[in-house]
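# with the sequence up front, the predicted model follows.
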Amino acid sequence: MAEPEARLPSHVEAGALLRRVQQEGGFATVLARGEADAGTILVVLADRGAPPRAFERMPQLDGTRAWTLSRTGSAGDPQAFAEWLDRRRAQDPDLWIIELDIPQGERFIP
């Protein structure tokens, strides 16, 4: 079994993510600010009107946490994705929701 990964405080990781995207010419914003030290981070990827995608780090069987696609929005019903984000936030008030608007946004969530 792998050793659990050391975690940066959430506010540090969120700030670094925002700066990296902005340095690459993209737009990044915090849609919901969670618990500063241990809040989970959910990243919403948007790219010029394409359906948004939500990624979260999910626990794996070996004790690590890997980025996983949690939800993809629908071009036909954009409100459903926004409602899903609202429900996720209600389930976990410590959750950070960060939106990245940049091509190939997956490269920022290794």
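Received, thanks. Numbers count the residues shown, from 1 in each chain.
# which SS class is the spatially most central residue of the chain?
Nearest residue to the geometric centre of the chain (CA atoms, centre = their mean): V43, 1.4 Å. Under DSSP: H, G, I helix; E, B strand; the rest coil, V43 falls in the strand class.
# assess the claim that it and A54 are in contact.
Yes. Using CB atoms under 8 Å, V43 is in contact with A54, at 7.2 Å. Quick note: C-beta positions are derived from backbone N, CA and C, even for glycine.
# quick check: the gap between the residue nearest to the centre of the chain and R20.
12 Å (CB to CB, to the nearest Å).
# ok, back up a step: any idea what the residue nearest to the centre of the chain is bridged to?
Note on V43: beta-bridge partners by DSSP bridges are F55, I98.
# that one: what's it in contact with?
V43 makes contact with L17, A54, F55, E56, W67, I98, E99, L100, G105, F108, I109 under the criterion CB atoms under 8 Å, 6 or more residues apart in numbering.
# buried among those? Need that as a selection in PyMOL.
The buried subset of these, as determined by 16 or more other CB atoms under 10 Å, is captured in PyMOL by this line:
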select buried, resi 17+54+55+56+98+99+100+105+108
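# pick out the most distant pair among the contacts of V43.
Maximum pairwise distance among these (CB to CB): 15.5 Å, between W67 and E99.
# residues in contact with the helix or strand harbouring A28: which ones?
Per DSSP states H and E: A28 is located in strand 27-32. Strand 27-32 is contacted by residues 14, 17-18, 21-22, 44, 85, 89, 95-102 when judged by CB under 8 Å, 6+ apart.
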